[in-house]
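# give me coordinates for this.
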Amino acid sequence: MTQQQHVLDLKDLRVDRGGVPVLRIPSFSLSENEFVSLIGPNGAGKSTLLLSLLGLIKRQNGTVSYRGREIASPAELLDLRRRIAMVLQDPLLFDSTVFENVASGLKIRGMGRAEIKKRVMTYLERFNLADMAQRSARKLSGGEARRVSLARAFAVEPEVIFFDEPFANLDPPTRQALTDDMDRIIRDRGIAAVLVTHDQSEALRMSDRIVVMNGGRIVQLGTPAMVMNRPVNEFVANFVGMETILEGEVLSNREQQMAVLVAGQEIDTVGDEQAGDHVYCCIRPENVTVSVSHPDEKSSARNLYPGRVAEVASMGPFLKLRLDCGFSLTAYVTRESFAKLELCEGKDVYASFKATSVHLIRRRVA
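Presented below is the predicted three-dimensional model:
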C-alpha cells in the first residue's frame, strides 16, 4: 500500500476486567481505504479491540485519534461514532419492513424523506434486496437478514466500517456471495474497514493487512503474504496453517545458503541464522510436492526425501497427507493427483520442496 493518512489511531491501550488484563495494545492504526482483518483464537481480544475503538468499553489507559485528532470529549466521541458503522454476527433487525430497517440510521441522522428513499433503494439494489423492500424482517432467511444488516450499515455511507463475524453460520455459497458484494462496495466507495473473522480464507482474500491476536495482544501485523508465509513465532505458525513445524539446528550458512539438521537429516534453506542456532523449520503443506518416482534432476526443489504415506485425511477438494520421511511432513494433494498417483496409506513416495519454502523461526533452548 502507498503511504496514506491514518483514519484511526490507537495508542497505549489497556483494558482490564476484574483486575485481569484483557487488552494490551501499544499501537494500532487504520489508513484510508484500508481493509484490515483481525484473526486469532477465541478470547484473543478481537471484538474487544473493535469496541474499544468505538469507545463502548471502559479502558484503563489509552487514546483513540481520528485523522490525527484525539477523541477526548463526549461530543467528539459521538461525532466519531456517526462516522463509523458496525455489523455484528446477529443482524439485530427491527420488527418492521426491510426498507424501514435500512432507513433507520438515516432517520437518526436527520436526512430528508426523499433523500432517504433514494439512498435506501440504492443500497437495497446493491445487495439484491429491492424486491423485498416492504417485506417484514421477521420473514427473512438468515442470508437475507445479513444482507439487510449490511445494507443498513452501508446506507449511512460511513468513513469506517467494523465487521464482527458478520458471516458466521452461513452456508458457503451465501457467505461467498455476501463477502463478494461487501468487498466490491468497500473498494468502490473507498471505505476503511476492520473485519473480525475466524475464516482465514476471508482474511486472505479481502485484506490489505492481517492482525494476529492472542491473549489480548497483537502478536503479528503485516500483509497477508507476510503473515501466512513468514510467521514471527511458533504460535502464529501453528495458527495460520504451517502444518509442518520441525525443531532443528543450523549446521552452516554460506552467503545465506543454509543447512539445518532435523532428525538426523539436512534441510536446505535460506536465511540469516548462524551455525549453532536453534530454529523451527516451518513448511506450508501446499509447498510440498509428492511423487511416486524420483523427480527430474532439473527440478528447482533442493530438498528431496524418500518417505511413506502415514496418514490420509480429507480436506474438501484436497487430501492431506502426513508423510514419514524420518521426520513428519504434511502435504496437500488434489483428489485427481491422489487417484493418478494411486496414493494410499503405506505407499512409498518422494517428498520435495524448495529451499525458499522453508521459513525459519529462532527457537529458545532452556
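
# C-alpha only now, for contacts and for neighbours.
OK.

# surely Ala225 is within a strand?
No. According to DSSP: H, G, I helix; E, B strand; the rest coil, Ala225 belongs to no strand; its state is helix.

# could you list the low-pLDDT ranges of this protein?
Scanning the chain for pLDDT under 70 picks out 1-4, 297-298.

# center of it, which residue is that?
Residue closest to the average C-alpha location in the chain (CA atoms, centre = their mean): Ala203, at 3.2 Å.

# which residues sit in contact with it?
If you count contacts by CA atoms under 8 Å, 6 or more residues apart in numbering, Ala203 has them with 37-39, 195, 197, 210, 224.

# adding secondary structure, write those residues out as TSV.
Formatted as TSV, these follow (three-state DSSP):
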residue	secondary structure
Ser37	strand
Leu38	strand
Ile39	strand
Leu195	strand
Thr197	coil
Ile210	strand
Pro224	helix
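
# of all those residues, which comes closest to Lys46?
Nearest to Lys46 out of these is Leu38 (CA to CA; 6.2 Å).

# and the closest one, what does it touch?
46, 194-197, 203, 210-213.

# among those, which are in strands?
194-196, 210-213 (DSSP state E).

# which one of the residues you listed is nearest to Arg24?
Distance to Arg24 across these (CA to CA) is lowest for Met213, with 10.5 Å.

# and the closest residue to that closest one other than its chain neighbours, how far from Val240?
Residue nearest to Met213 in three dimensions, not counting chain neighbours: Gly40, with 4.9 Å by CA to CA, 6 or more residues apart in numbering. Distance from Gly40 to Val240, counting by CA to CA, to the nearest Å: 9 Å.

# next up, phi/psi of the residue nearest to Met213, please.
The phi/psi pair for Gly40 (degrees, to the nearest 10) reads phi 160, psi 170.

# number of residues surrounding it?
24 (other CA atoms under 10 Å).

# now swap in Arg363 and tell me
Residues contacting Arg363 under the criterion other CA under 10 Å number 16.

# Leu360 too?
By other CA under 10 Å, 26 other residues sit near Leu360.

# so what's it up against?
271, 279-282.

# mind checking which helix or strand it is in?
Assigned by DSSP states H and E, Leu360 belongs to strand 358-362.

# pretty sure Thr206 contacts Asp180?
No, residue 206 isn't Thr; it's Met. No. Counting by CA atoms under 8 Å, no contact exists between Met206 and Asp180, whose distance comes to 9.1 Å.

# tell me which of the two has more neighbours.
Shown here are Met206 and Asp180; by other CA under 10 Å, Met206 has more neighbours (21 against 14).

# got phi/psi on the more buried one?
Taking degrees, to the nearest 10, you get phi -110, psi -20 for the backbone angles of Met206.

# mind checking how far it is from Lys117?
To Lys117, Met206 is 30 Å away according to CA to CA.

# what about Leu93, neighbour count?
Look at Leu93: counted by other CA under 10 Å, it has 18 neighbours.

# what of Leu140?
Using other CA under 10 Å: Leu140 sits among 15 other residues.

# quickly list the domain ranges of this structure.
Structural domains assigned to the chain are 6-236, 242-362, following automatic domain parsing.

# the residue nearest to Met213 and Arg217 touch, don't they?
No. Counting by CA under 8 Å, Gly40 does not reach Arg217; the two are 10.1 Å apart.

# picking that back up, Gly19: which of the contacts of Leu360 is nearest?
Tyr280 (35.7 Å).

# in the sheet, who's paired with the closest one?
Taking DSSP bridges as the rule, Tyr280 bridges to Glu247, Ile361.

# who's in contact with it?
With contact set as CA under 8 Å, 6+ apart, Tyr280 has these partners: 234, 245-248, 360-363.

# dump these to TSV, plus distance to Asp9.
Formatted as TSV, the contacts of Tyr280 follow (distance: CA to CA, whole Å):
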residue	distance to Asp9
Glu234	29
Ile245	35
Leu246	38
Glu247	38
Gly248	40
Leu360	32
Ile361	30
Arg362	31
Arg363	33
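
# which of these tops the neighbour count?
Greatest neighbour count in the contacts of Tyr280, by other CA under 10 Å, goes to Leu360: 26 neighbours.

# how far away is that residue from Leu93?
48 Å.

# correct me if wrong, but Thr63 is in a helix.
No. Counting by three-state DSSP, Thr63 is not found in a helix; it is strand.

# quick one: contacts for the spatially closest residue to it that is not a sequence neighbour?
Nearest residue to Thr63, sequence neighbours excluded (CA to CA, 6+ apart): Lys11, at 5.3 Å. Under the criterion of CA under 8 Å, 6+ apart, the contact list for Lys11 reads 25-28, 62-64.

# of all those residues, which comes closest to Gln176?
Set against Gln176, the nearest of those by CA to CA is Phe28 (28.6 Å).

# what about the closest one, neighbour count?
Neighbours around Phe28, by other CA under 10 Å: 17.

# in PyMOL, select just the buried ones from the contacts of Lys11.
Applying 16 or more other CA atoms under 10 Å to those, the buried members can be selected in PyMOL as follows:
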select buried, resi 25+28+62+63+64
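
# okay, the contacts of Lys11 in CSV with distance to Val156 next?
Conversion of the contacts of Lys11 to CSV gives the following (distance: CA to CA, whole Å):
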residue, distance to Val156
Ile25, 30
Pro26, 31
Ser27, 28
Phe28, 25
Gly62, 28
Thr63, 26
Val64, 22
